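*Asks:* Test case, fold it:
(4 chains)
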Protein chains: 2
Amino acid sequence: MAYRRTDTVSARLADNRRAILNAARDLVAQGGFAAAQMTEVARKAGVATGTLYRYFPSKEELCRQVFREVSAREMNVLAGIAAENRPALDRLHDVLTTFASRAVGGRRLAYALLAEPVDDGLTEERTRFRRVHGDIFAGLLEDAMAEGVIAPLNARVTAACISGAIPTALIGPLAPESHELEEAGAHVVDDIVQFCLAAVLGAGTKYEVEQRISA
Amino acid sequence: MAYRRTDTVSARLADNRRAILNAARDLVAQGGFAAAQMTEVARKAGVATGTLYRYFPSKEELCRQVFREVSAREMNVLAGIAAENRPALDRLHDVLTTFASRAVGGRRLAYALLAEPVDDGLTEERTRFRRVHGDIFAGLLEDAMAEGVIAPLNARVTAACISGAIPTALIGPLAPESHELEEAGAHVVDDIVQFCLAAVLGAGTKYEVEQRISA
DNA sequence: CCCTTGATTGAACAGAGGTTCATGCTTTGG
DNA sequence: CCAAAGCATGAACCTCTGTTCAATCAAGGG
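*Replies:* Numbers count the residues shown, from 1 in each chain, chains lettered A, B, ... in the order given. Take a look at the predicted model:
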């Protein structure tokens, strides 16, 4: 035998892997996945482009890994709150507030995770991410119904509405300007959360149209 | 002089232009803007690829034109309802129902207009499109406040929430399966609209958390 | 100190898709 | 029917990025 992977080497390999992932993550946090080009990642990580392929089989896999790491953190935060031992509506309130606040705080990253145009592989990861959100919201709605504090409603549809309302109101063309969020972000977050909670609390009171088309 | 553009020719040119736009539109309606490749558009329109560039300076412009034509129809429908002479909440109800119903009916097209990853030029058009939605919703909310039928609220934020809730609940990973929408689409639409109206009607009643973190 | 094996490098390669342009065909006016 | 100008054609071209790989370097064992 003539070679054995020593701890020194293993450590260096692990370091490289982390350096690559961190470089990619930083680029994504700044300019979205569009900015995470292999050449750039390599440069920022301080390795050659070819080296990237000794750690990840493809750009897609590298990006997926970055997506998973970043999104896992977010999901854990929300799941943690959702699992607390408190009234369902309190947990729902806090989950929504946390979700929205964190999106405001890390707007660029939130954009990358939730809204940026990405290719198929990442779309798949994003689907998982969003489904988890949906599941968390739906679960809390079920809990609230079980507690009898809200009228019966379609938890899945309602959860989807909430999942759409929050990012749309904070990211993208319908969101307030960045500097407005800087100043009054907390207010906006509160408005959005109250919107969602009002919708949930108001369930069961069907609105009926009074006047049909007259003009 | 030796040449003049006759009516016959003008008509043929116009026909070609329409054929190209229609071909592109059909491709988009089927497979989104990703399916609108120049080669495909040309083939479907029955012209050579080079010919496309005699009618449109670039793919981007062609796609923008398609986007404008398709989205204009949608915006006009909603604007028409919003402008009727009826109570604001009735108009809001009908605008939301129409928006959601049309999205369900033309899911693929709605996906292309609202959610599909597209490049910068189209993102710009989409921004316009979504802003119009926001403006319509916000206008109706203002009207409702003026009528005194809803409590004061932030119209822009609320409109953004609505703009996000509806597509998210109907298109994408959190939407019901396509066959479910086929069967129970009207129900889902109704659930979504009631969610939005409940949120609007419930404005002003602030939800307060009872129990802070205890675990 | 040398041989072997693994790791690194970065320039060359490859695929995809939009765009161009030399060529040939049509139409127009005389 | 001919010359001039437009128009259509589609294969070649360009660009942009992800990916590869022959050459080089570093590390381990005897």
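*Asks:* For DNA strand C, give me its nearest residue in chain A.
*Replies:* Nearest to DNA strand C, among the residues of chain A, is residue A:50, at 1.5 Å (Cβ to the nearest atom of the strand). From N, CA and C alone the C-beta is placed, and that goes for glycine too.
*Asks:* Give me the contact status of the helix or strand where that residue lies with DNA strand D.
*Replies:* Taking DSSP states H and E as the criterion, the element that holds residue A:50 is helix A:49-55. Yes. Looking at helix A:49-55 against DNA strand D by Cβ under 7 Å from any atom of the strand, the contacts come from A:49-50, A:53.
*Asks:* Closest one of the residues you listed to residue A:78?
*Replies:* The closest of the residues of helix A:49-55 next to DNA strand D to residue A:78 turns out to be residue A:53 (Cβ to Cβ; 34.5 Å).
*Asks:* quick one: that closest one from residue A:181, how far?
*Replies:* With the distance defined as Cβ to Cβ, to the nearest Å, residue A:53 ends up 39 Å from residue A:181.
*Asks:* quick revisit: any chance of the residues of helix A:49-55 next to DNA strand D in CSV with pLDDT and neighbour count as columns?
*Replies:* Formatted as CSV, the residues of helix A:49-55 next to DNA strand D follow (pLDDT from 0 to 100; neighbours: other Cβ atoms under 10 Å in any protein chain shown):
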residue, pLDDT, neighbour count
A:49, 97, 13
A:50, 96, 9
A:53, 97, 14
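*Asks:* As JSON lines, those with distance to residue A:100 would be great.
*Replies:* Written out in JSON lines, the entries for the residues of helix A:49-55 next to DNA strand D read as follows (distance: Cβ to Cβ, whole Å):
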{"residue": "A:49", "distance to residue A:100": "38"}
{"residue": "A:50", "distance to residue A:100": "42"}
{"residue": "A:53", "distance to residue A:100": "39"}
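*Asks:* Average pLDDT for stretch A:199-207, rounded please.
*Replies:* If you average the pLDDT over stretch A:199-207, you get 90.
*Asks:* ends of that stretch, how far apart?
*Replies:* When the termini of stretch A:199-207 are compared using Cα to Cα, to the nearest Å, they are 12 Å apart.
*Asks:* Would you tell me whether that stretch gets close to chain B?
*Replies:* Yes. For stretch A:199-207 and chain B, the contact criterion (Cβ under 8 Å from any Cβ of the partner chain) is met by A:199-203, A:205-207.
*Asks:* ok so, going back, mind saving the C-alpha coords of the helix holding residue A:50 as PDB?
*Replies:* This file holds the C-alpha atoms of helix A:49-55, laid out as PDB (Å, rounded to 0.1, in the frame of the first residue of the first chain):
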ATOM      1  CA  THR A  49     -13.500  25.400 -11.200                       C
ATOM      2  CA  GLY A  50     -12.500  21.800 -11.800                       C
ATOM      3  CA  THR A  51     -12.200  21.300  -8.100                       C
ATOM      4  CA  LEU A  52     -15.800  22.000  -7.600                       C
ATOM      5  CA  TYR A  53     -16.600  18.800  -9.400                       C
ATOM      6  CA  ARG A  54     -14.600  16.800  -6.900                       C
ATOM      7  CA  TYR A  55     -17.000  17.800  -4.200                       C
END
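*Asks:* Show me what that helix is packed against.
*Replies:* Packing partners of helix A:49-55 (3 or more Cβ pairs under 8 Å, 6 or more residues apart in numbering or on different chains; DSSP states H and E): helix A:7-31, helix A:38-45.
*Asks:* Can you name every helix or strand that the first one contacts?
*Replies:* Under the contact criterion of 3+ Cβ pairs under 8 Å, 6+ apart, helix A:7-31 touches helix A:38-45, helix A:49-55, helix A:59-82, helix A:107-114.
*Asks:* related to what we said a few turns ago, any idea how far the helix holding residue A:50 is from the middle of the chain?
*Replies:* Between the mean C-alpha point of helix A:49-55 and the mean C-alpha point of its chain there is a distance of 28 Å (Cα atoms, centre = their mean, to the nearest Å).
*Asks:* now swap in stretch A:19-27 and tell me
*Replies:* 18 Å.
*Asks:* Residue A:17: which of the residues of stretch A:199-207 next to chain B is nearest?
*Replies:* Checking those against residue A:17 with Cβ to Cβ, the nearest one is residue A:200 at 43.6 Å.
*Asks:* Quick one: name the residues of chain A near DNA strand C.
*Replies:* With Cβ under 7 Å from any atom of the strand as the criterion, chain A meets DNA strand C at residues A:2-3, A:5, A:9, A:12-13, A:16, A:46-51, A:53-54.
*Asks:* burial measure for residue A:30, as a count.
*Replies:* Residues contacting residue A:30 under the criterion other Cβ atoms under 10 Å in any protein chain shown number 12.
*Asks:* Isn't it up against residue A:108?
*Replies:* Yes. Between residue A:30 and residue A:108 there is a contact under Cβ atoms under 8 Å: 6.5 Å.
*Asks:* Would you mind splitting chain A into its domains for me?
*Replies:* Domain ranges of chain A: A:1-57, A:66-214, per automatic domain parsing.
*Asks:* Please identify the deepest-packed of these.
*Replies:* Most buried of those by mean neighbour count (mean count of other Cβ atoms under 10 Å in any protein chain shown) is domain A:66-214; its value is a mean of 19.
*Asks:* From the chain's centroid, how far away is that one?
*Replies:* Averaged C-alpha coordinates place domain A:66-214 at 10 Å from its chain's average position (Cα atoms, centre = their mean).
*Asks:* quick check, that domain touching DNA strand D?
*Replies:* No. With Cβ under 7 Å from any atom of the strand as the criterion, DNA strand D is not reached by domain A:66-214; the gap is at least 9.1 Å.
*Asks:* Pull the residues that contact stretch A:128-135.
*Replies:* A:67, A:71, A:74-75, A:78-79, A:99, A:113-114, A:156, A:159-160, A:163, B:172-174 (Cβ atoms under 8 Å, 6 or more residues apart in numbering or on different chains).
*Asks:* Between all of the residues you listed, which two are separated the most?
*Replies:* Between any two of the contacts of stretch A:128-135, the greatest separation by Cβ to Cβ is 24.1 Å, found for A:67 and A:156.
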